[in-house]
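Asks: Provided below for reference: sequence and predicted model.
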Amino acid sequence: MKLSILKLAGIVILIVGLATIFHHSRSSAPAPEPEETEQDSDVPQKRHARARTAPSPKQEYVNPTDGSTLVWIPGGTFTMGSDSDDEDEQPAHRVTVRGFWLGKTEVTNAQFARFLKALKDAGIDETRYHPSYWDEEGYNDPQQPVVGIIWRYAQAYCKWAGLRLPTEAEWEYAAAAGARQLKYPTATGEISHDLANFQGTGGKDKWEGPSPVAQFPPNPFGLYDLAGNAWEHTSSEFRPYPFKNEGQPDSEKRVLRVMRGGCWQYPAEICRTTHRHRFADHLCYDFAGFRVAKDEEATSDEPSDAETTESEQPPPKKKKRARVVEE
Ligand SMILES: [Ca+2]
């Protein structure tokens, strides 16, 4: 028994001794501060390196083909739709959007004229793509948004320019200013004739029809005229909420599409960030325009199709009819 007790005591002493040595070795070891300091010093460098390659908020990219200025929209998660407004806006649901580039303004007549000229230079009958109202006073100022185009004309323009239409989710995310969840896609989230061109006039809004782009303050992401002026085509099919793959471009089959933002002809309520306007893609109205978008990889320091010349761009598919009118 005594032997066992002694053995046990020895084992205890041994354990205590080893623990003391271990503790001492740790506490007396050189403090890891230099190593951690070195690691810390690496962190900002790595972050800096990433920041130099990834676009930053409000960073701008000028697309050489059509001259569009696009603003970087950092990705994030927001609440899409509304539980308290129109039925097709319900239910509100969480959506995550990847970072993307979005046109700073609506596409202008001047830009669309470049598209038509490129078609003509390529030997394509550009009159097939002439917007309705193209020659009408009140719609044909070079700095007014192009209107009177069907969805497929907007698609054709985007293909020529090496760009694309935004998805509905991307549009609403940018309009809401991300997590700010603005009710109206204006500078303040409110709506007034000092902030947007919608039905009627007043304040800074002196236009009964479409105004030149960027006449009102931009939203927090640096985007103009998301509220009002030209209604904006998106790439998205109209489908009840919620649906999957919101961040992905939709197919090109002929269906109901969604336009966003209201317009110069409709009341302020229609300019709400979450409002959806279903629109057959063959219809043509004098309030329908668009803005362009582009994926992240299309930065100015990376080769892209935007760097090819206009003549090298594949022409859009020919349409069967020169002009489409509403049904
Ligand atoms: Ca607009």
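Replies: On my side now, so go ahead.
Asks: What pLDDT is listed against the residue of the stretch 1-150 of the chain found nearest the ion?
Replies: In the stretch 1-150 of the chain, the residue found nearest to the ion is Glu106; the distance is 5.4 Å by C-beta to the ion. Backbone N, C-alpha and C define where each C-beta goes, glycine included. Looking at Glu106, its pLDDT is 98.
Asks: Just after the helix or strand bottoming out on mean pLDDT in the chain, pick out the following helix or strand.
Replies: Least confident element among the helices and strands of the chain, by mean pLDDT, DSSP states H and E: helix 33-53 (a mean of 36). Next along the chain after helix 33-53, taking DSSP states H and E as the criterion, comes strand 60-62.
Asks: Counting neighbours, which bits of that following strand end up buried?
Replies: Tyr61 (16 or more other C-beta atoms under 10 Å).
Asks: ok, now which ones touch the residue of the stretch 1-150 of the chain closest to the ion?
Replies: By C-beta atoms under 8 Å, 6 or more residues apart in numbering, the residues touching Glu106 are 145-146, 213, 224-225, 229-230, 232, 289-291.
Asks: Give me the mean pLDDT for stretch 278-295.
Replies: So the average pLDDT for stretch 278-295 ends up being 93.
Asks: Show me the shaky parts of the stretch 151-300 of the chain.
Replies: 244-254, 298-300 (pLDDT under 70).
Asks: who in it is up against the ion?
Replies: Listed as neighbours of the ion in the stretch 151-300 of the chain under the rule C-beta under 5 Å from the ion: 225, 229-230, 261.
Asks: Keep only those of those residues that are in strands.
Replies: Taking DSSP state E, every one of those sits outside strands.
Asks: wait, which of these is closest to Arg128?
Replies: Distance ranking of these against Arg128, using C-beta to C-beta, places Ala230 first at 21.3 Å.
Asks: how about that closest one, phi and psi?
Replies: Main-chain torsions, Ala230, degrees, to the nearest 10: phi -90, psi 140.
Asks: Which parts of this protein are helices?
Replies: 2-28, 33-53, 109-121, 151-161, 168-175 (DSSP state H).
Asks: Give me the contact list for the shortest one.
Replies: To tie it back to what came earlier, the one meant is helix 168-175. 73, 76, 78, 80, 95, 97, 100, 102, 166, 182, 185, 219, 221, 223, 226-227, 232, 234-236, 246-247, 258, 260-261, 273-274, 276, 293.
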